[in-house]
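Q: Curious how this folds, go ahead:
(4 chains)
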There are 2 protein chains.
Amino acid sequence: MDQLEIFKALSNKTRLQILHWLKEPERYFPPQEHEDIHQVGVCVGQIQQKAGLNQSTISEYLSILQKAGLLKSTRIGQWTYYKRNEEAFLTLSQFITEEI
Amino acid sequence: MDQLEIFKALSNKTRLQILHWLKEPERYFPPQEHEDIHQVGVCVGQIQQKAGLNQSTISEYLSILQKAGLLKSTRIGQWTYYKRNEEAFLTLSQFITEEI
DNA sequence: AAGATATATCGACTTTTTCCGATATTCCAA
DNA sequence: TTGGAATATCGGAAAAAGTCGATATATCTT
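A: Next up, the predicted model:
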């Protein structure tokens, strides 16, 4: 766990929002056509629409969150689905109370 | 609690180190002349020396950490002492497991 | 009151981050 | 196998953050 990389990933309003939305995907995103939203997460396009930023920006943001370990991705066909890596949040929370 | 401001404050190697040092000040700083290190914290000069960055830089960093709520400061005479605000870390930890 | 010391603030420059448009890649469907 | 759709990557302009030296402010000592 690279804490600095994680905190940098969390230092952006849109990225924080994305993480929040992905905590309850069925609440924040329309029903998903092809895949189970809890199994694989939400595809880039849905997230982009909701965030209202450029496609390339969101793609990069998701990649930043994934590199920091906060998201996991699955490619299915032409779609890439992103979901939270809950373990990372627990680890981070522990780090903050114990190590930092 | 402004989470974004907190994460920005944590997005810097030196600032993370400072927080870490202030968790066990007696371990990381030389014995303090005038004030009880646990009561009021560590003065700017000590922190600056240990960090090895310019005085103005450290002064600003401490101010950033304080504005984010992670540090508290006490001015005594010509010295400003900084110590951790442990409550803020607990709140942040909780936020990460529950809200984010 | 004057000099010394600790800290804060300011202005400048450099590096990093944000965000976009254009283009490339991957995969599906006809 | 060609066209279209979803995503990724690249290059760049603008904004923000990092860092310094110089200077200001506050306080202590004499």
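
Q: just the strands in chain A please.
A: A:42-43, A:71-76, A:79-84 (DSSP state E).

Q: Would you indicate which residues of the last one are buried?
A: Residues of strand A:79-84 classed as buried: A:W79, A:T80, A:Y81, A:Y82, A:K83, A:R84 (neighbour count, 16 or more other C-beta atoms under 10 Å in any protein chain shown). Heads up, the C-betas are built off the backbone N, CA and C, glycines and all.

Q: Quick check: residues of chain A near chain B?
A: Contacts of chain A with chain B, taken as C-beta under 8 Å from any C-beta of the partner chain, map to A:3-4, A:7-8, A:10-13, A:16, A:19-20, A:23, A:89-90, A:92-94, A:96-97, A:99-100.

Q: The residue lying closest to A:H20 once chain neighbours are set aside: neighbouring residues, count only.
A: Nearest non-adjacent residue to A:H20, counting by C-beta to C-beta, 6 or more residues apart in numbering or on different chains: B:I100, 6.3 Å away. Neighbourhood size, B:I100 [other C-beta atoms under 10 Å in any protein chain shown]: 18.

Q: Contacts only, for B:I100.
A: A:L10, A:L16, A:L19, A:H20, A:K23, A:F89, B:Q3 (C-beta atoms under 8 Å, 6 or more residues apart in numbering or on different chains).

Q: Nearest to DNA strand C among the residues you listed?
A: The shortest approach to DNA strand C among the contacts of B:I100 belongs to A:L10, at 9.3 Å (C-beta to the nearest atom of the strand).
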